[in-house]
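Peer 1: Using only what follows, build the 3D model:
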Amino acid sequence: MDHTVSLAIQKCIDVCHSCALVCKQTIIHCIHEGGKHSDPEHLEQLISCTVICRRVLMQEF
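Peer 2: Predicted structure coming up:
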């Protein structure tokens, strides 16, 4: 079986990795900012984004 990753799949992997990192950094920033930035619903959305991206990265291509 050929394990070569297509360019489209590699781009998806790269974008998901970048997205997960940005979400993680944004969560940390929002917690430090406090106030409306650390609203539980807001943080929950960012955490969900991070989890979704990580799940994509855990797939075997």
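
Peer 1: Could you pull out the strands in this protein for me?
Peer 2: Counting by DSSP state E, the chain has no strands at all.

Peer 1: most centrally placed residue in it?
Peer 2: residue 20 (2.0 Å; C-alpha atoms, centre = their mean).

Peer 1: Could you measure from that one over to residue 36?
Peer 2: In this view, residue 20 and residue 36 are 24 Å apart by C-beta to C-beta, to the nearest Å. Using the backbone N, CA and C atoms, a C-beta is placed for each residue, glycine as well.

Peer 1: Same question for residue 28.
Peer 2: 16 Å.

Peer 1: where do the helices sit along this structure?
Peer 2: 7-33, 40-57 (DSSP state H).

Peer 1: what angle do the longest one and helix 40-57 make?
Peer 2: Going back to what we said before, that points to helix 7-33. Between helix 7-33 and helix 40-57, the angle comes out at 150 degrees (axes from the mean of the first three to the mean of the last three C-alpha atoms, to 10 degrees).
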